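>>> Have a look at this prediction, sequence included:
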Amino acid sequence: MEEWRKESIEHLDNKTKALFEAVYDNNLIKVEELIADGVDVSARDERLQTPLHWAAEKGHICIVKELLAKDVDVNTSSKYHGTALHSALSSDNPNLEVMETLIRAGADVNLPEPTGYRPLHYAICVQDTNAVNILIKAGADTNVKQKHGKTPLHLAVTKDNLEIINILIKGGADIESHDKNGDTPLKTAIGDRKPKIEIVAALIKAGANVNAKDKYDSTPLHTAAWYNYSTVVIPILIKTGADINAQTQSGETPLHTIVRSKNPTIDTIKALIQYGSNVNAKDNDGKTPLHLAASSKNLTIEMIGTLIGSGSDINSRAKYDQTPLHTAADVGNHQAIDILIKAGADINSLNKFKRTPLFEAVDSFKPELEVIKYLIKLGANVNTEDRHNTTILDKAISIDRKDIISVLLSHAASIDWGKEEQRNYFLNSTLFVLEQGNPYQKIKAWLNIFNTFSEVSDDPQYTQLSQKIIKNLAVAWDSIDLDELKITFAGKKIGDISKVIADLYNVIEFCDDNKDKYRESNPELYESLQKIIPGLEESVDVFKSHKTDLILEHIGSEITLSEFKGRIKFCISQCNSFKDTNFLKDFLTDYLDQDHEFINEIPIYQHLMHLNGTLEDHA
């Protein structure tokens with residue numbers, strides 16, 4: 001005997017306890033003796049089960065008959081499992097003779113147990129076809145519901161038992177009955193993880209409404225989309241009249257559903273589109289399937305590409321004028337950002353709050369640095385303001401993301417010293433900001449801070465700021481590793497290097513022009529400026545050396561005169577200041593001294609000398 005059974009009769013006297021034990025052991029003689037000795041046949045264990053419940057559950061027909069002969073109440077309910085008829089159906093192999101005996105003795109075939117399950121529900125749970133037939137023949141209600149509103153047909157569907165399904169339908173089961181979630185048996189069948197196509201077909205053949213809606217107005221097709229039954233269920237539903245663009249209470253179509261599902265497949269997306277899904281349908285928030293795709297990291301590039309290739313509006317506006325790109329940026333969906341931009345999405349599109357996708361990326365729940373850098377690389381404007389005049393830099397400062405601040409500064413984000421929050425932040429955090437990123441990024445950020453600082457350095461109200469900022473800049477410059485800087489040059493264009501060189505020259509000029517001015521009035525600032533100059537000049541040499549390498553690489557050696565003229569013209573176009581022109585003159589002088597194969601060809605040599613002379617005149 002199971003331990004729980006032993007415990008359930010511990011409170012009984014010895015004779016009553018012996019009766020339950022005899023029933024369990026199918027000891028008819030002992031049962032008869034105990035009954036003759038006056039033991040109460042209606043006694044209950046702790047679960048309120050009687051000896052009849054035990055006998056029915058164990059399938060002990062002789063003891064069942066003996067107990068019934070003593071006029072026990074056949075419809076007495078236990079605490080958890082209803083009547084003896086429920087107990088008879090709770091085993092994996094119900095004793096049909098016990099069932100029939102109980103029914104003949106007056107067992108109510110429609111009496112519920114505490115959770116609302118009737119004997120017919122039990123019979124379906126154990127999938128006993130004969131038991132189902134016996135109960136229906138005895139008057140079992142085929143449309144009775146348990147506490148969750150599920151009928152016997154709902155349960156038969158979840159058990160994938162087509163034979164019982166057909167028996168129930170013939171027995172009058174309501175094919176359109178809704179459970180508490182509003183699910184019909186058809187929707188329940190499709191919601192099964194492994195739906196049997198023959199069951200779906202049988203229900204539809206019996207008249208199931210393929211557009212029946214649950215309490216959220218979701219249809220069977222929405223369910224099929226959620227579980228990705230593209231090659232099995234969706235074609236059947238569509239061919240039998242399912243509305244491909246049916247919308248739930250939230251405005252979601254089946255295509256929305258598959259896109260936001262946990263395991264979307266390209267086959268299901270293609271199937272829905274093939275059958276006529278509106279790729280630009282909007283839910284109640286104005287979101288198209290592409291908006292949902294942009295916010296989900298479960299979709300592949302192929303899936304997003306399929307939506308776009310099928311006509312999805314890449315700049316469609318949802319609630320608050322969010323585009324799919326805003327959505328992708330907000331959740332940090334790198335691959336969605338990539339494909340949307342390549343498809344022509346406006347990278348600087350403004351939503352209702354005048355925020356760009358880059359702004360959304362910085363203001364997201366978990367800002368991702370690589371996504372922010374990628375948006376900037378693709379052309380995102382770093383200096384936009386929202387409707388509250390908050391800049392992207394303001395937002396990065398408010399969340400104290402020094403890595404993001406450094407990236408923004410290295411891409412010319414404007415610093416507004418007039419804003420107290422920015423002013424205070426850079427007073428206290430300049431060094432920390434300039435510790436972020438690689439040396440090239442550090443220099444770009446450094447130059448941005450210095451250039452904006454130089455604009456206010458003579459303003460009396462910024463005296464303290466000037467002293468602190470320039471001191472921090474001097475310290476930060478010492479931390480830049482020039483050897484590492486050379487490594488990070490890889491991939492930089494001649495124009496990029498030229499801009500940095502020009503900016504560095506401007507800083508050197510500023511320091512030279514202003515240091516003496518501060519010698520008496522601000523010795524500390526004077527010392528800081530004086531300290532920076534040698535490092536700046538060394539950096540210029542590093543950048544110029546790298547620029548020379550880039551130009552040499554671009555010009556090449558085994559080229560024709562016309563090719564050389566074209567390439568050197570390009571190099572000149574990359575020189576954007578007098579000092580750059582001077583630099584190119586020095587470069588050409590060095591180049592003429594090198595032993596290139598064509599250097600002795602008079603036309604090319606003359607061209608180089610002429611170009612050199614032109615640069616001398618310009619200088």
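Great, that's in hand. Numbering: from 1, shown residues only.

>>> Test my guess that Thr430 contacts Leu473.
Yes - using CB atoms under 8 Å, Thr430 is in contact with Leu473, at 6.9 Å. C-beta coordinates here come from the backbone N, C-alpha and C atoms, glycine included.

>>> Look up the residues that both of these two are in contact with.
Ile449 (CB atoms under 8 Å, 6 or more residues apart in numbering).

>>> Out of the helices and strands in this structure, which is least certain?
helix 602-618 (a mean of 50; mean pLDDT, DSSP states H and E).

>>> how close does Cys511 get to Ile61?
In this view, Cys511 and Ile61 are 107 Å apart by CB to CB, to the nearest Å.

>>> so what are the domain limits for this protein?
Following automatic domain parsing, the chain resolves into domains at 436-555, 557-619.

>>> Those: lowest mean pLDDT?
Note on those: domain 557-619 shows the lowest mean pLDDT, a mean of 52.

>>> on that earlier part again, of Cys511 and Ile61, which one has the most company?
When neighbours are counted by other CB atoms under 10 Å, Cys511 and Ile61 differ, and Cys511 comes out ahead with 20 against 17.

>>> Please identify which helix or strand holds that one.
Per DSSP states H and E: Cys511 is located in helix 494-515.

>>> Which of the residues in that helix are classified as buried?
494, 496-508, 510-511, 514-515 (16 or more other CB atoms under 10 Å).

>>> go on, stretch 122-131?
Of the residues in stretch 122-131, those buried by neighbour count under the rule 16+ other CB under 10 Å are Tyr122, Ala123, Ile124, Cys125, Gln127, Asp128, Ala131.

>>> Over to stretch 402-413?
For stretch 402-413, the neighbour count (16+ other CB under 10 Å) marks Lys402, Asp403, Ile404, Ile405, Ser406, Val407, Leu408, Leu409, Ser410, His411, Ala412, Ala413 as buried.

>>> repeat for stretch 230-246
In stretch 230-246, counting by 16+ other CB under 10 Å, buried: Ser230, Val232, Val233, Ile234, Pro235, Ile236, Leu237, Ile238, Thr240, Ala242, Ile244, Ala246.

>>> tell me the contacts of the residue nearest to Ala201 when sequence neighbours are not counted?
Leaving out its chain neighbours, the residue that sits closest to Ala201 by CB to CB, 6 or more residues apart in numbering is Ile236, at 6.5 Å. Contacts for Ile236 (CB under 8 Å, 6+ apart) come out as Ile197, Val200, Ala201, Ile204.

>>> number of nearby residues for His53?
If you count neighbours by other CB under 10 Å, His53 ends up with 28.

>>> Excluding residues flanking it in the chain, which one is nearest it?
Closest residue in space to His53, ignoring its immediate chain neighbours: Ser87 at 4.5 Å, by CB to CB, 6+ apart.

>>> residue contacts, the one you found?
Here Ser87 is in contact with Gln49, His53, Trp54, Ala56, Glu57, Ser78, His81 (CB under 8 Å, 6+ apart).

>>> most neighbours, which of the residues you listed?
Ala56 (33 neighbours).

>>> Surely that residue is in contact with Leu85?
Yes - at 7.1 Å, Ala56 and Leu85 qualify as touching, with contact defined as CB under 8 Å.
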